[in-house]
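*Asks:* Got a sequence here, can you model it:
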Amino acid sequence: MASIDYARLLKIAQNTDKREDFQYIETCVRTEENEYSSTVAKELIIYCASRTKELNFEFLHAKFKFQESIINTVHGDIGIAMQMAQEALAIFSKYHTIESARCYNTMGSMTAGLGDYSTALEYLNKADLICEHFKDAERYPFMRCDNMLVTAYIYILAKDYDNAIPYLEQCLELGKEIGYDLSVNSCYLNFSDVYRLQKKHTEALDMAEQSIALSYQASANNLLCVGQYRKGQIYFDMGQLDSSLYYYQIAEKIALEQNLNLRLLGVYKACTQIYTDKNNFKEASKYQSHYIDLSAEVEAKERNSRLEMMQIKFNVNEKISQINSLALENNYEADRNKLLTIAIVITVAAFVLLIFIIILIFNRYRLNRKIQIERQQKKMSYHQLTSLKSQMNPHFTFNALNSIQDLILKENTEESYNYIAKFADLIRKTLNHSSQEFIDIEDEYASLQLYLELEKLRFDNDLTIEFETNEIKNVLIPPLLLQPFLENSIKHGLFHKEGVKHLRVQFKMKKDLICTISDNGIGREASQEIQKRRIKNHTSFAVNSIEERFKLLSQVYGNNLGVTYIDLKSDEKATGTTVVICLPYKRKT
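*Replies:* Prediction:
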């Protein structure tokens, strides 16, 4: 793998304020994650983290901050690393990105290093759950590798090798498949450690050598140091002290160059033991001195890390200790305060519970009300659709087109064109009105008059129509309510009447808006008898639907709405029907 020119990237970062330049740098650095231990890489990442924050490139700042946390992990500054990972996580979470999984992954690794394995596994579970939401993301397979690798690492630290090995096997297979050399290398190192602890020295050496070869190829100094250190451990376990010392000293040289204090500490301790076993007490004393000096520094960092990660717990314990001290000084005052505190807590709890119950009841009421309104709206939409179907039913369409065809056959071209235009206009208006909750009453006048003109064409000169608006204007009414009643008057009342047929439509505005439809037809009783004699009984589904729609409208706009039928008679003989319709309306603003 070609090495990254970090000096050139740093120069770019110091001379730009463009987002795309920092995106390029972040991409380059991410491909070289195995070089996080180098000084120049550390300098570049720290500068970019600071500069992107100044430029308010929030998401890029989080990426560089995460990489900075990795650097601090490599150098043993776990507390600082944890803080940086949490800072990056807070930003990544806002953007709902797979990068959040990387933060939980590294937090799990750091927590396991401090001995808290259960919390570490919880972090890895969160990382896995986040990854499952981004299966199509380019980095998904790489994140799966990272999660499996760290999960295996946690089980190795907990000495649960049976659970660790399956994760390592899956990670190694996937890493080779996607060409993720860093993950493959880490698997070799972890397998080497497991085999060493299981006393399988040949297998352990083979894995360590494969890791070292891959580290040389990728110039991965941190992993190269671990590989040489691992071979030192294996040879020591085999009793081959000279070979062990050789590889430990190679690891020591790399650790000193890369400032890898935790690895260096292990080397000093191992070399002290080896020289002691070889009776070379001078060298043993030298390494023991190095170990003591570095151990104090590392232990201080680790102690600070534990304190930072458990700060809340310590604060709580401190408050409890203070309460206990005060109790010893003045038992009576403490008891009285305790009783007062309990009373306050109970009162507050009761108040909170009451508020909670009130909120719960209110929310349930709102939910029920919302469900009720939604049901009403669905029913209204259904009945409005039924009205639309009624106004565009095939019988009316067929009759209208048939009448127009008659005009064409009679070569009454101008009149036929006129009625075709009216028919098209009626269809357009009906479709437009069907999607609206309220329309201007004058638009309703126009639609009804178009409908009546088309119906009148079927009756030649036998049908007379009166249409009185009484100049009612600036009013909005629900669409598609009135036409089915006009259709009923014509179809069931006037169609079967002999002689002159008369239909009157009248609008009045007093307290309520009233539409009255009167005809001099055969009456409802005679119409029902005709219907019974037909092979198939017909139910006026549209009018029934309209009446159901009126019931729903009454729940919203008042109880006066509805339809009243009046049978007109003279000397007990039917002379027609009057339909009185009380309409909901709104004033135009």
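*Asks:* Quick check: Y247 is in a strand.
*Replies:* No - counting by DSSP: H, G, I helix; E, B strand; the rest coil, Y247 falls outside a strand, being helix.
*Asks:* That one: what's it in contact with?
*Replies:* By CB atoms under 8 Å, 6 or more residues apart in numbering, the residues touching Y247 are Q228, Y229, K231, G232, Y235. Every residue, glycine included, has its C-beta placed from N, CA and C.
*Asks:* Can you give me the domain assignment for the chain?
*Replies:* Domain assignment for the chain by automatic domain parsing gives 39-100, 375-587.
*Asks:* hey, which of these is tucked in deepest?
*Replies:* Most buried of the domains of the chain, by mean neighbour count (mean count of other CB atoms under 10 Å): domain 39-100, with a mean of 20.
*Asks:* can you give me the offset of that one from its chain's centre?
*Replies:* 25 Å (CA atoms, centre = their mean, to the nearest Å).
*Asks:* do the same with stretch 439-453
*Replies:* 47 Å.
*Asks:* ok, residues contacting the longest strand along the chain?
*Replies:* Ranked by residue count under DSSP state E, the longest strand found in the chain is strand 573-583. Residues outside strand 573-583 that contact it (CB under 8 Å, 6+ apart): 477-478, 481-482, 485, 488-489, 493, 512-526, 560-569.
*Asks:* My reading is that I522 is in a strand; is that accurate?
*Replies:* No - per three-state DSSP, I522 lies outside any strand segment and is coil.
*Asks:* thought it was touching G493?
*Replies:* Yes - between I522 and G493 a contact is recorded at 6.2 Å, counting by CB atoms under 8 Å.
*Asks:* shaky segments in the stretch 151-300 of the chain?
*Replies:* 298-300 (pLDDT under 70).
*Asks:* re the thing from before, can you redo the contacts of Y247 as TSV with secondary structure and distance to I156?
*Replies:* Shown next, in TSV, are the contacts of Y247 (DSSP: H, G, I helix; E, B strand; the rest coil; distance: CB to CB, whole Å):
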residue	secondary structure	distance to I156
Q228	helix	19
Y229	helix	15
K231	helix	18
G232	helix	18
Y235	helix	20
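*Asks:* Let's have the residues you listed in TSV, adding distance to L129 and neighbour count.
*Replies:* Below are the contacts of Y247 laid out as TSV (distance: CB to CB, whole Å; neighbours: other CB atoms under 10 Å):
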residue	distance to L129	neighbour count
Q228	37	25
Y229	34	25
K231	38	25
G232	39	26
Y235	42	22
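*Asks:* What is the nearest of those residues to I78?
*Replies:* Checking those against I78 by CB to CB gives Y229 as the nearest, at 19.2 Å.
*Asks:* quick revisit: closest one to I274 among the domains of the chain?
*Replies:* domain 39-100 (23.2 Å).
*Asks:* Least confident of the domains of the chain, on average?
*Replies:* Mean pLDDT is lowest for domain 375-587 out of the domains of the chain, coming in at a mean of 80.
*Asks:* any idea how far Y216 is from the residue positioned nearest the centre of the chain?
*Replies:* The centroid of the chain falls nearest to H96 when counting by CA atoms, centre = their mean (8.4 Å). Applying CB to CB, to the nearest Å, the value for H96 to Y216 is 40 Å.
*Asks:* what do you get for F351?
*Replies:* Per CB to CB, F351 is found 69 Å from Y216.
*Asks:* between these two, which one's more packed in?
*Replies:* Neighbour count, other CB atoms under 10 Å: between F351 and Y216, Y216 has more, with 13 against 10.
*Asks:* Surely that one is in contact with L224?
*Replies:* Yes - between Y216 and L224 there is a contact under CB under 8 Å: 6.6 Å.
*Asks:* about what we covered before: let's have the domains of the chain in JSON lines, adding distance to N190.
*Replies:* Output for the domains of the chain, formatted as JSON lines (distance: least, CB to CB, whole Å):
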{"stretch": "domain 39-100", "distance to N190": "16"}
{"stretch": "domain 375-587", "distance to N190": "60"}
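*Asks:* Among these, which comes closest to K253?
*Replies:* Distance to K253, taken as CB to CB, is lowest for domain 39-100 among those, at 15.7 Å.
*Asks:* Endpoints of that closest one, how far apart?
*Replies:* Domain 39-100 has an end-to-end distance of 26 Å (CA to CA, to the nearest Å).
*Asks:* cool, and stretch 578-589?
*Replies:* For stretch 578-589, the first-to-last residue distance is 33 Å (CA to CA).
*Asks:* Just checking the distance from that stretch to the centre of its chain.
*Replies:* Once both centres are worked out by CA atoms, centre = their mean, stretch 578-589 turns out to sit 45 Å from its chain's centre.
*Asks:* likewise stretch 419-431?
*Replies:* Per CA atoms, centre = their mean, the centroid offset for stretch 419-431 relative to its chain is 46 Å.
*Asks:* Could I get the CA-only coordinates of that stretch as CSV?
*Replies:* What follows is stretch 419-431, C-alpha atoms only, in CSV (Å, rounded to 0.1, in the frame of the first residue of the first chain):
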residue,chain,number,x,y,z
TYR,A,419,-74.8,20.6,-25.5
ILE,A,420,-71.5,18.7,-25.9
ALA,A,421,-69.8,21.8,-24.4
LYS,A,422,-72.3,21.9,-21.5
PHE,A,423,-71.8,18.1,-20.9
ALA,A,424,-68.0,18.5,-20.8
ASP,A,425,-68.3,21.6,-18.5
LEU,A,426,-70.5,19.6,-16.1
ILE,A,427,-68.1,16.7,-16.0
ARG,A,428,-65.2,19.1,-15.3
LYS,A,429,-67.0,21.0,-12.6
THR,A,430,-68.1,17.7,-10.9
LEU,A,431,-64.5,16.4,-10.8
